[in-house]
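K.L.:
My questions concern the predicted model and sequence given below.
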Amino acid sequence: MNKPIATVARTNEILKKFDLYAKKGYGQNFIVEPGIVRKIAENSKGSDQCVIEIGPGIGALTEQLSLIAKHVIAFEIDDRLIDVLAYSLADYNNIEIIHKDFLECNFNEVVDELKKQYEKVVVCANLPYYITTPILFKIFESKADIDCITVMVQKEVADRFCAIKSTKDYNALSVITQYLYNVKTIMKIPRTIFNPKPNIDSAVVQFTKYTNEYEVENESEFFDFVKGCFKQRRKTLYNNLKELGKDGEFVKECILACQLNESIRAEACDLKDFVRLYNYWRSL
Ligand code: SAM
C-alpha cells in the first residue's frame, strides 16, 4: 500500500520520477501534509456524492476526495501533469481527470450531466491563487446546482469573503458573496505545508447555499450597483452613487428613504442596507 500522495516522501518520489518542477505561472504549490488534506476532503460535504476539483496538481487532494466521494472529476490545465496523475492515482477507479483550463469549460453543462447520476455535486479545491476570483465567480454566476464550495485561497482573500461591515477587509466582494452564500473560514493553513513554500498564508473557505431572505429583481444589476457603491472607498455613498448617473437630489432621497445617514460610506452598510438601497433606486 502506497503512502498518501501528500506525504513529503511520496511527493518527492513522484516529482523525481517525472523530473517535475512546480510551474509558478500555473500557481503550483503542492500540499505536503496528509492530515490537512484529509481534513479538507472530510469537510467538503462530498461524502458519497460527486466532487469537482479544480487543479489536482499531482493528486494529493484528489486521492483523499476519491476515498470519501462516489466520483471525483478534476480539471487540470498543465499537460505535464496528465501522465503524472495517471500514475499517482492508478489505484483509484472513481476519478476522472479532464485536461482543460477550468475557465474554458461549460460549467452548467458539466454539472447538469453529473446531476443525472449523483444527488449532490460539490466543489473542493486548493485553488491556483492567480485566478481565485475568476474561478469562483465562474461558479457563482453559473447558477449551476452546487451545494457547497470548499476552497483553499490566500488568507487575505478569505478575510475579504468573510468580512463584516466597518472592517478593513469589507468590500463589494464580501457583500456579493454573502448575498449568495453562507461563507465561513473553516481552516487556517500555514505556508509551511507546501512544496514549494509560497510567501503567504492560506485559509480554507466554505460557501454553502442558503435560503436568501433578500432577493433582488436583477442580480447582476445589483452586483454592479454594489461595486459602484464601493468604487472609491474613501468617498461617501452619496458621492459614489452620484457617479451611477442619477442626480444629487435623487441620490439623497434614496439614502434618507433607507434610513441611512447622508454622510455614510459603503463600508458602514450591511447587506440588508444594500438590498434596500438598490430596491429603492430601481423602483423610481
Ligand atoms: N491540488 C494540488 C494540491 O493541493 O497539492 C495542487 C494545487 S496548486 C495550488 C493549483 C493547481 O491548479 C495546479 O495543479 C495548476 O496546474 C492548476 N491550474 C492552474 N490554472 C488552472 C486552470 N485555469 N484550470 C485548471 N487547473 C489549473
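P.N.:
That came through, no problem.
K.L.:
Please, where are all the helices along the stretch 51-200 of the chain?
P.N.:
For the stretch 51-200 of the chain, helices defined by DSSP state H, counting those that start in this stretch occupy the ranges 60-68, 80-88, 107-115, 132-142, 155-162, 172-180.
K.L.:
Nearest to Phe30 among the ones you listed would be which one?
P.N.:
Smallest distance to Phe30 across the helices of the stretch 51-200 of the chain (C-beta to C-beta): 6.2 Å, for helix 60-68. (Each C-beta comes from the backbone N, C-alpha and C, glycine too.)
K.L.:
Now do the closest one and helix 80-88, the angle between them.
P.N.:
For helix 60-68 and helix 80-88, the angle between their directions (axes from the mean of the first three to the mean of the last three C-alpha atoms, to 10 degrees) works out to 40 degrees.
K.L.:
So is helix 60-68 next to the ligand?
P.N.:
Yes - judged by C-beta under 6 Å from any ligand atom, helix 60-68 and the ligand are in contact via Ala60, Leu61.
K.L.:
who's in contact with that helix?
P.N.:
Contacts to helix 60-68, defined as C-beta atoms under 8 Å, 6 or more residues apart in numbering, come from residues 4-6, 11, 30-32, 34, 37-38, 40-42, 44, 46-48, 51, 53, 56, 72, 74, 85, 88-89, 92, 94-95, 124-126.
K.L.:
Alongside the ligand, which residues does this structure contribute?
P.N.:
26-31, 54-57, 60-61, 75-78, 101-103, 126, 128, 131.
K.L.:
How is the chain divided into domains?
P.N.:
According to automatic domain parsing, the chain comprises the domains 8-209, 219-283.
K.L.:
and the shortest one, how far apart are its ends?
P.N.:
If I follow you right, that is domain 219-283. Taking C-alpha to C-alpha, to the nearest Å, domain 219-283 runs 15 Å from one end to the other.
K.L.:
pLDDT on that domain, on average?
P.N.:
What domain 219-283 shows for mean pLDDT is 94.
K.L.:
how distant is it from the center of its chain?
P.N.:
Here the centre of domain 219-283 is set off from its chain's centre by 26 Å, with C-alpha atoms, centre = their mean, to the nearest Å.
K.L.:
Please apply the same query to stretch 13-25.
P.N.:
With C-alpha atoms, centre = their mean, you get 26 Å for stretch 13-25.
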